[in-house]
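Asks: fold the stuff below for me.
(one chain, ligands or ions: 1)
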Amino acid sequence: MLSCRHIMTMSDLDADDIISILDTADSFSEVNERRIKKLPTLRGRTVVNLFLEPSTRTRTSFELAAKRLSADAINFSASASATVKGESLRDTARTLSAMACDLVIVRHRYAGAPHMLAECMDAHIINGGDGIHEHPTQALLDLFTMRRTLGRLEGLTVGIIGDIAHSRVAGSLVPALRTVGATPVVIGPPTLMPARPDVLGADVAYSLDEALPTLDVAYMLRVQFERADAMPFPSNREYARLYGMNASRMASAKPEMIVMHPGPMNRGVEISADVADSPRSVVLDQVNAGVAVRMAVMYLLLGGEDSGAAA
Ligand code: NCD
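Replies: Below you'll find the model as predicted:
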């Protein structure tokens, strides 16, 4: 069981919660290797994916996780739901509440949307990404992938590189790393840093080349062009030259350093194609971990312990 009812921000989870999610995800990832990848754990429970912003991997990952635990999973997307007819989020929440669903995963362009849902419905809420604020399950699957690949979390130095200002991934990953005893370093151009990077709780660096040799993980972020008011650098080429991960940069990193990316990747901008497809890239391991980690959070939130063990 977790110490919280909802997962809206990383601050909902303490170190014990995080470790219990990662350990539970370990046992679910074994299930995901089986030919029959289904457990009866959440049979009869209803999970709603309320995705009011575009998503491919997060939505499908939650859907697959719910189905592998035998829950009934329903998808609401922006274009298919009454929100395009002007229904407010509050009314959507009341409607879902009246249908007695147990868990809602919400993705929304406004920070705080998950909190609003939690106020007007009884279901558990998981934040699937709210504006530029947080994306806690992404951070959890990232921790899972780091622990699997590098064998530990404590003491790791993790560079989070690129568009820090608009990144909800960084918003969750920085506190998550601190909670487990790793050191986050945010690295990017001043135009893609928040106004007060010092309050993030991470070390701050502006030169990737200087910080690179200290890193155990290089976590590349997509530049969120859709959230920026203006082009934050002269050209993609210029950005790639200073902040992109490429083969020549990899040569000055620790030999065991891994490269991560939450997807979708802009090949040739923040990451070159050869690095993205190299053995030191764990991008597909992250996607794979996403299903097991989301199974774990659903299982632990819905108190699945009554209805069967993980393995
Ligand atoms: C991220 C997101 O949507 O915040 N992607 C994801 O969830 N896999 C990052 C991004 O869009 O760049």
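Asks: in terms of helices and strands, where is the residue of the stretch 101-250 of the chain found nearest the ligand?
Replies: Of all residues in the stretch 101-250 of the chain, residue 222 sits closest to the ligand, at 3.5 Å by Cβ to the nearest ligand atom. Yep, even glycine has a C-beta here, placed from its N, CA and C like the rest. Assigned by DSSP states H and E, residue 222 belongs to no helix or strand.
Asks: and for it, the neighbour number?
Replies: Number of residues near residue 222 (other Cβ atoms under 10 Å) recorded here: 20.
Asks: also residue 89?
Replies: A count of nearby residues for residue 89, using other Cβ under 10 Å, gives 17.
Asks: what of residue 112?
Replies: Using other Cβ under 10 Å, residue 112 has 15 other residues around it.
Asks: if you skip the residues just before and after it, what's nearest to it?
Replies: Distances taken as Cβ to Cβ, 6 or more residues apart in numbering place residue 130 nearest to residue 112, at 6.5 Å, with adjacent residues excluded.
Asks: per-residue confidence at that neighbour?
Replies: Residue 130 carries a pLDDT value of 96.
Asks: pull the contacting residues for the closest residue in space to residue 11 that isn't next to it in sequence.
Replies: Excluding the flanking residues, the one nearest residue 11 by Cβ to Cβ, 6+ apart is residue 175, at 6.5 Å. Applying Cβ atoms under 8 Å, 6 or more residues apart in numbering to residue 175 gives the contacts 9-11, 139, 201.
Asks: can you name the residues of the stretch 201-311 of the chain that neighbour the ligand?
Replies: 222, 262-263 (Cβ under 6 Å from any ligand atom).
Asks: any chance of those in TSV, plus pLDDT?
Replies: Formatted as TSV, those follow (pLDDT from 0 to 100):
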residue	pLDDT
222	96
262	98
263	96
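Asks: residue contacts, residue 244?
Replies: Listed by Cβ under 8 Å, 6+ apart, the contact set of residue 244 reads 220, 268-272.
Asks: backbone phi and psi for it, please?
Replies: Main-chain torsions, residue 244, degrees, to the nearest 10: phi -90, psi 150.
Asks: likewise residue 7?
Replies: The phi/psi pair for residue 7 (degrees, to the nearest 10) is phi -120, psi 90.
Asks: and residue 25, by the same measure?
Replies: When read as degrees, to the nearest 10, the backbone of residue 25 gives phi -60, psi -30.
Asks: the spatially closest residue to residue 59 that is not a sequence neighbour bridge partners, please.
Replies: Distance criterion Cβ to Cβ, 6+ apart; nearest residue to residue 59, sequence neighbours excluded, is residue 51 at 5.0 Å. Beta-bridge pairing for residue 51 (DSSP bridges): residue 77, residue 107.
Asks: quick check: buried residues in stretch 208-227?
Replies: For stretch 208-227, the neighbour count (16 or more other Cβ atoms under 10 Å) marks 208, 211-212, 215-224 as buried.
Asks: from those residues, which two are the most distant?
Replies: 216 and 224 (25.2 Å; Cβ to Cβ).
Asks: toward the C-terminus, what is the element adjacent to the strand or helix carrying residue 141?
Replies: Residue 141 is part of helix 136-150, with elements assigned from DSSP H and E. Heading C-terminal from helix 136-150, the first helix or strand you meet, by DSSP H and E, is strand 157-161.
Asks: average pLDDT across the helix or strand following that following strand?
Replies: Going down the chain from strand 157-161, the next helix or strand is helix 168-179, by DSSP H and E. If you average the pLDDT over helix 168-179, you get 98.
Asks: just the CA atoms of helix 168-179, as CSV, please.
Replies: Output of helix 168-179 as CSV, limited to C-alpha atoms (Å, rounded to 0.1, in the frame of the first residue of the first chain):
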residue,chain,number,x,y,z
ARG,A,168,6.9,18.3,-16.7
VAL,A,169,9.3,15.3,-17.0
ALA,A,170,12.0,17.4,-15.3
GLY,A,171,9.4,18.7,-12.9
SER,A,172,8.9,15.2,-11.5
LEU,A,173,12.3,13.6,-12.2
VAL,A,174,14.3,16.2,-10.1
PRO,A,175,12.4,15.6,-6.8
ALA,A,176,12.2,11.8,-7.5
LEU,A,177,16.0,11.6,-7.9
ARG,A,178,16.5,13.6,-4.7
THR,A,179,14.2,11.4,-2.7
